[in-house]
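J.: Sharing a model that was predicted from the sequence below.
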2 protein chains.
Amino acid sequence: MAILYHHPLCPHSRFVRLVMGEYGLDADLVEEKVWERREPFLHLNPAGTTPVLVEASIPSVPGADVIAEYLDETRGLALGDRRLLPEAPRDRVESRRLTSWFNQKFFDEVSSHLVMEKIYKRFMPTNLGGGAPEMAAIRAARSNIRYHLKYVGYLIRQRNWLAGDRLTYADLAAAAHLSVVDFLGDVPWDEDETAKSWYARVKSRPSFRPLLADGMPGMQPSLTYANLDF
Amino acid sequence: MAILYHHPLCPHSRFVRLVMGEYGLDADLVEEKVWERREPFLHLNPAGTTPVLVEASIPSVPGADVIAEYLDETRGLALGDRRLLPEAPRDRVESRRLTSWFNQKFFDEVSSHLVMEKIYKRFMPTNLGGGAPEMAAIRAARSNIRYHLKYVGYLIRQRNWLAGDRLTYADLAAAAHLSVVDFLGDVPWDEDETAKSWYARVKSRPSFRPLLADGMPGMQPSLTYANLDF
């Protein structure tokens, strides 16, 4: 069986779990505390980040985008209409553009700050950077999320899914990052009804269920987190 | 003819120029000052970043990694041994892992700071963030670059090129980011002879020549920048 090194509230790990869920691929989940910088984990991914996929056929596949391309190339073609990167070059460009929008830009501007300040710092020892959250970073993230949410709404008013007619990696990346922010209760859903209804559609997919059951010791998710009718 | 919206000292733009040079693809270069946030440019890339490739067959291909995947899918197969993403899944994983190492991690830790503080801020109006460089960011970048250079040396002591036997996207991404830092005279080449000799090999490729001729008004490159025997 494949192993996925992940963290329950790492948005990039959640993206890969959603992708594997959609593809019907199983993996043993192994929780990795990246701040411990475990030597055997650094061998699997010298960058020291989650997620990392390990399968029998390959030593390790590190990083969400690398895993997504790998799964497309090794599994995608066989999946026909359920393939999460569409076939046509221009549709692939649009799916990758938006996947990168969320896995990089949204992460830099929103989810990395909230995950670091509100989650990881609670569990990291002080000598490794743990401690009280920086409120300035949290405020910046809460302000930045508004235009991202509007952008989701703008796209969904023109299309069925984020990158076009079909569900693609872009929807799963966006939903993965938003799901962590939603766990923390920091998504201002009232700001864009279209974005909210798109998220409700992704959230109700079977691939999402394991994420909604996730938690962290001592942390309660927001009241609406696991509610499909939020 | 294709158009590449770029900035002469944007490392991601340089990566794409190297890729296109290796593939023998021509493009008209149009310099984009991203801080101006020009409306027509934001239509091509809502993220507002360089590079963006525009070809007759497709509205726009924004972002270095998206362009690299697009060129591989539309041109790569025909290139046989000169293809910059290798064929085997595990080799593609390694090339993408290291491409992302430089286009994301090295950029976050080194090249973004140096480009912003030492180049862009000179040309940006004060109301758009221009002004004196932040020395703390420059110092952090100069300190961070050392372990990246060591990592290049470590890899090249085991392999012919960064990701394996062949030149791949990984070499071009690494060299593109290093070339900007080298323009600024901030690469401590003495620290790793192996890394230096690998860079000399990439730098002497014909695809590199246009980059070595690049400049910015009022900025002199470091003395060794264009020297193939640095």
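T.: Received it, and whenever you're ready, just let me know what you need. In this text, all values refer to a predicted model and were calculated from it rather than measured experimentally. Numbering: from 1, shown residues only, chains lettered A, B, ... in the order given.

J.: Enumerate the residues of chain A near chain B.
T.: Taking Cβ under 8 Å from any Cβ of the partner chain as the criterion, the neighbours of chain B within chain A are A:46-47, A:57-59, A:61-63, A:65-66, A:69-70, A:73-74, A:89-90, A:92-93, A:96-97, A:100-101, A:104-105, A:151. C-beta coordinates here come from the backbone N, C-alpha and C atoms, glycine included.

J.: And the buried ones among these, selectable in PyMOL?
T.: This is the PyMOL syntax for the buried subset of those, where burial follows 16 or more other Cβ atoms under 10 Å in any protein chain shown:
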select buried, chain A and resi 46+47+58+61+62+63+65+66+69+70+89+92+93+96+97+100+101+104+105+151
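
J.: Which ones among the residues of chain A next to chain B lie within strands?
T.: Among the residues of chain A next to chain B, DSSP state E puts A:58-59, A:61-62 in strands.

J.: And the helices in chain A?
T.: Counting by DSSP state H, chain A has helices at residues A:11-23, A:39-44, A:64-75, A:89-100, A:112-115, A:121-123, A:135-156, A:169-183, A:193-203, A:209-212.

J.: what's the average pLDDT for the shortest one?
T.: Averaging the model's pLDDT scores along helix A:121-123 yields 93.

J.: Identify the residues contacting that helix?
T.: Residues external to helix A:121-123 that are found in contact with it (Cβ atoms under 8 Å, 6 or more residues apart in numbering or on different chains): A:33, A:129-133, A:216, A:218-219.

J.: Let me see the confidence value for A:Phe230.
T.: If you check A:Phe230, the pLDDT there is 86.

J.: leaving aside the residues next to it on the chain, what's closest to it?
T.: Closest residue in space to A:Phe230, ignoring its immediate chain neighbours: A:Thr224 at 3.7 Å, by Cβ to Cβ, 6 or more residues apart in numbering or on different chains.

J.: go on, A:Leu77?
T.: Looking at A:Leu77 with Cβ to Cβ, 6+ apart, the closest residue is A:Arg83, at 7.2 Å.

J.: Contacts only, for the one you found.
T.: Taking Cβ under 8 Å, 6+ apart as the definition, contacts of A:Arg83 comprise A:72, A:76-77.

J.: Out of the residues you listed, which end up buried?
T.: Judged by neighbour count, with 16+ other Cβ under 10 Å as the criterion, the buried members of the contacts of A:Arg83 are A:72, A:76.

J.: least confident pick among the contacts of A:Arg83?
T.: In terms of pLDDT, the lowest of these is A:Leu77, showing 83.

J.: how much space is there between it and chain B?
T.: 13 Å (Cβ to the nearest Cβ, to the nearest Å).

J.: How about A:Arg122?
T.: With distances taken as Cβ to the nearest Cβ, A:Arg122 is found 24 Å from chain B.

J.: Then A:Gly129?
T.: When distances are taken as Cβ to the nearest Cβ, A:Gly129 and chain B turn out to be 16 Å apart.

J.: Ok, A:Lys121 next?
T.: Distance, A:Lys121 to chain B, using Cβ to the nearest Cβ: 19 Å.

J.: ok now stretch A:32-50, how far from the chain's centre?
T.: Mean-position distance between stretch A:32-50 and its chain equals 19 Å (Cα atoms, centre = their mean, to the nearest Å).

J.: can I get the CA coordinates of it in PDB?
T.: What follows is the C-alpha trace of stretch A:32-50 in PDB, where atoms were taken according to Å, rounded to 0.1, in the frame of the first residue of the first chain:
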ATOM      1  CA  GLU A  32       4.500  14.200  10.000                       C
ATOM      2  CA  LYS A  33       5.400  17.000  12.300                       C
ATOM      3  CA  VAL A  34       7.600  18.900   9.800                       C
ATOM      4  CA  TRP A  35       9.100  21.200  12.400                       C
ATOM      5  CA  GLU A  36      10.900  18.200  14.000                       C
ATOM      6  CA  ARG A  37      12.900  17.800  10.700                       C
ATOM      7  CA  ARG A  38      13.200  14.000  11.200                       C
ATOM      8  CA  GLU A  39      16.200  12.700   9.300                       C
ATOM      9  CA  PRO A  40      14.300   9.800   7.600                       C
ATOM     10  CA  PHE A  41      11.700  12.300   6.400                       C
ATOM     11  CA  LEU A  42      14.300  14.700   5.000                       C
ATOM     12  CA  HIS A  43      15.600  11.800   2.900                       C
ATOM     13  CA  LEU A  44      12.100  11.400   1.400                       C
ATOM     14  CA  ASN A  45      11.800  15.200   0.900                       C
ATOM     15  CA  PRO A  46      14.900  17.300   1.400                       C
ATOM     16  CA  ALA A  47      12.700  20.400   1.300                       C
ATOM     17  CA  GLY A  48      11.200  19.100   4.600                       C
ATOM     18  CA  THR A  49       7.600  19.800   3.700                       C
ATOM     19  CA  THR A  50       4.400  17.700   3.500                       C
END
